[in-house]
Structures are given as C-alpha cells and as structure tokens.
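A.B. asks: What would the 3D arrangement of this be:
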Amino acid sequence: TTAPSGGTGTYTYQWQYSTDNSTWTDISGATAVTYTSGALTANRYFRRAVTSSTCGTVYSASVLVTVRANLTAGAIGSAQTICYNTAPAAFTQTTAPSGGTGTYTYQWQYSTDNSAWTNISGATAVTYTSGNLTANRYFRRAVTSSTCGTVYSASILITVLPNLTAGAIGSAQSICYNTAPVAFTQTTAPAGGTGTYTYQWQYSTDNSTWTDISGATAVTYTSGNLTANRYFRRAVTSGTCTTVYSASVLITVNALPAAPTGGTPAIVCINTAASATATPPSGCTTDWYTVAAGGTAIATGNNTLSIASLAATTTYYAESRNTTTGCKSATRTAFTITVSPCVMPVNPHLRSRAGN
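C.D. replies: The predicted model follows:
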C-alpha cells in the first residue's frame with residue numbers, strides 16, 4: 001500500500017510468514033513486490049523484507065490474517081419411511097452448524113436422485129416441514145456464513161411406501177331368505193404399504209354406516225344365514241398406513257314364496273289313474289314330494305301331479321318354487337288321494353234270469 005523508499009532506490013523483496021509474529025520463515029519463491037497466499041487453515045502473520053544493495057534489510061509491519069473456524073453444516077436427523085401421500089416428520093436440527101462467522105443463513109433443498117438438487121421455495125428456516133410425498137425424496141440443508149461459503153448437511157432419504165390398495169372380495173350375490181351367501185374369497189390381493197396386512201370384515205344395511213364383524217379378521221369371510229339385504233366389505237391395514245376398504249358387495253335376500261293352495265280332495269278307484277292340482281303364487285311353479293320336508297322331488301315344474309295307477313290312499317306334498325329366484329316355500333301343502341274299492345253296478349238282466 002506504500003512503496004519502499006531510500007537506499008539506492010533499487011530494491012529486492014522476500015515475503016515471510018509467522019505463526020506468532022516473532023519467529024519468521026521465508027516463503028520460497030515469494031520475491032515479488034506483491035504476494036498471493038494459498039488457502040489457510042490457521043491464523044498467520046505476513047511481512048515483506050526489503051533489501052537495497054548494501055544498505056541492509058528492513059521489514060514492513062506484519063499483517064495478521066485471522067482464519068475463522070471451519071464452517072460445518074450440522075445435522076438434520078435421520079432417514080424415514082412413510083406411507084404413500086403422507087408427510088414425513090419435520091426435519092429438525094439435531095446438530096447446529098458451527099464455524100464461519102457464527103451467523104448463518106439456510107436454504108433447504110430436495111433431490112430425487114441424491115445428485116441434482118433443487119432449492120425449496122421459502123424454506124430458509126433452521127427446520128423444515130415437508131408436505132405429503134408420493135415418491136422417494138432426498139432432503140438436505142445448505143448453510144452459508146457470510147463470505148465463508150456454503151456447506152451442506154448430509155442428505156436424508158425419505159422412502160415412500162407404495163400406495164396401499166385393498167384388493168377385491170368378489171361380486172354381488174342373490175340368495176333366498178334365511179340362507180347363507182357363498183363365502184367371500186379374495187379375488188384380488190391387497191398391495192402396497194409395508195407388504196404385511198391385517199384385516200377386518202364389516203357389514204352395513206345401507207352401504208354407508210359400517211359395523212365391524214366380531215372375530216372376522218381373516219383374509220376370507222363366511223357369513224351366517226341372512227334374512228335381509230346386507231352389504232359386506234373388507235378393511236385392510238398395513239403398518240401405520242391409513243386403512244383402506246375393498247369395494248362393497250351387496251347380498252340381496254329374496255323372500256320365500258307362500259306354499260301352494262290345493263283343490264278338493266280326490267277319491268279314485270283302486271288301481272286307476274289319479275291326479276292332484278296345486279295353485280302356487282304368481283311367478284312360481286310347483287315341485288312334488290312324498291314327504292313333508294326334505295327328500296327328493298318326484299316331479300318338478302308342473303302344477304299338476306299325474307299318477308298312472310294308485311293302489312292305496314297316498315299323500316303327496318306340493319312346494320312352491322319361484323321361477324326367477326329359485327327360492328322355495330318354507331312349507332309344503334299336503335294333497336291326499338283316497339283310494340276306494342269301487343263296486344261294479346249289477347246288470348238287471350242277469351238278476352232277472354237268476355230269479356227264473
């Protein structure tokens with residue numbers, strides 16, 4: 001800043017450094033009017049020795065270069081695993097930055113590959129709270145301290161689990177009153193989440209308000225007999241991920257038809273043809289049995305039962321069957337055909353001859 005003077009007017013130079021401003025060491029090759037130092041990691045003094053022929057050597061006042069402490073970014077926590085479309089826990093400062101001037105500014109950044117980084121708009125506080133994520137993402141914090149430069153915290157990976165889906169449990173069914181639907185199986189398995197699932201089956205009468213079925217926590221579910229329409233669905237939970245639900249399945253319960261009505265009791269002669277006619281409700285046909293309950297039908301889909309020859313009084317039972325739903329009447333109507341030993345009429349001509 002001020003040139004040397006005096007002596008011969010011609011000068012040679014030697015730059016020197018010291019750690020204590022007392023013991024000095026020549027800097028190799030540093031013999032120009034000026035000197036540019038390399039990077040420093042500790043405080044250091046510098047001065048310039050000036051020689052003018054035989055006039056001796058004099059020294060400039062020393063200059064202290066104060067090296068601030070190494071700037072470190074601190075730490076922002078550890079990796080997290082979260083559910084799809086949820087937010088990670090806020091990133092806090094687990095270790096504060098240090099070094100530099102002691103005053104810091106911050107800029108949070110994100111990356112999809114831990115290589116190319118993007119500043120998060122407005123994220124300039126010590127901590128940062130992310131919004132919901134649907135894919136893996138890395139985060140880090142940039143720390144700047146005046147002219148000491150910018151350093152970066154270690155990055156943190158937020159792993160986002162695949163979207164949790166509930167799978168499928170089959171399709172709607174139509175059953176008869178007081179019977180059980182076919183067991184609900186898993187037609188499509190759940191997916192996403194942690195890969196491990198727990199289940200809770202539920203029912204509803206209106207497809208809106210749902211009730212857990214006690215003990216129904218298996219992959220599949222078998223219902224008891226139903227007397228009214230009912231919806232079923234399966235709730236699927238995976239770790240801490242929000243519970244999801246399968247599409248509901250409606251079980252339609254069809255009413256049972258009334259038993260057929262009968263006509264006048266029939267009386268036939270022994271070993272002759274006989275018949276009985278039943279009248280089922282509208283939309284129904286008649287099945288015929290020889291027992292009041294159970295057994296195998298001896299004729300189906302015909303309102304009239306025809307017997308080729310009947311040797312003894314016999315009771316037959318008529319059951320209504322809805323031709324659309326297949327539902328059958330809860331009871332059967334008895335039809336008794338009475339067999340009578342018929343007497344042939346007497347020929348009057350034969351009686352007259354006998355009298356002669």
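A.B. asks: which residue is nearest the middle of the protein?
C.D. replies: For the chain, the residue nearest the mean C-alpha position is Leu164 (2.0 Å; CA atoms, centre = their mean).
A.B. asks: Report the separation between that residue and Asn225.
C.D. replies: From Leu164 over to Asn225 the distance is 33 Å, taken as CB to CB, to the nearest Å. Placement of C-beta: from N, CA and C, glycine included.
A.B. asks: picking up where we left off before, doesn't Thr198 make contact with the residue nearest to the centre of the chain?
C.D. replies: No - Leu164 is not in contact with Thr198 according to CB atoms under 8 Å; the separation is 11.9 Å.
A.B. asks: how about the spatially closest residue to Asn303 that is not a sequence neighbour, secondary structure?
C.D. replies: Of all residues not flanking Asn303 in the chain, Thr286 sits nearest, at 4.7 Å (CB to CB, 6 or more residues apart in numbering). Counting by DSSP: H, G, I helix; E, B strand; the rest coil, the backbone at Thr286 sits in strand.
A.B. asks: isn't Thr286 right next to Ser320, touching?
C.D. replies: Yes - between Thr286 and Ser320 a contact is recorded at 6.5 Å, counting by CB under 8 Å.
A.B. asks: what is in contact with the two at once?
C.D. replies: Pro260, Pro280 (CB atoms under 8 Å, 6 or more residues apart in numbering).
A.B. asks: Give me the pLDDT for Cys342.
C.D. replies: As predicted, Cys342 sits at a pLDDT of 81.
A.B. asks: ok, it to Val268 distance?
C.D. replies: Taken as CB to CB, the span from Cys342 to Val268 is 9 Å.
A.B. asks: who's more crowded, the two?
C.D. replies: Val268 (18 against 12; other CB atoms under 10 Å).
A.B. asks: List the residues that contact that one.
C.D. replies: Residues counted as contacts of Val268 (CB under 8 Å, 6+ apart) are Ala274, Leu310, Ile337, Thr338, Val339, Ser340.
A.B. asks: List only buried entries from those residues.
C.D. replies: If you count burial by 16 or more other CB atoms under 10 Å, the buried members of the contacts of Val268 come out as Ala274, Leu310, Ile337, Val339.
A.B. asks: Can you tell me which of those end up in strands?
C.D. replies: Ala274, Leu310, Ile337, Val339 (DSSP state E).
A.B. asks: Just put these in TSV and tack on pLDDT and distance to Ser62.
C.D. replies: Below are these laid out as TSV (pLDDT from 0 to 100; distance: CB to CB, whole Å):
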residue	pLDDT	distance to Ser62
Ala274	93	138
Leu310	94	138
Ile337	95	136
Val339	95	142
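A.B. asks: Thanks a lot, see you next time.
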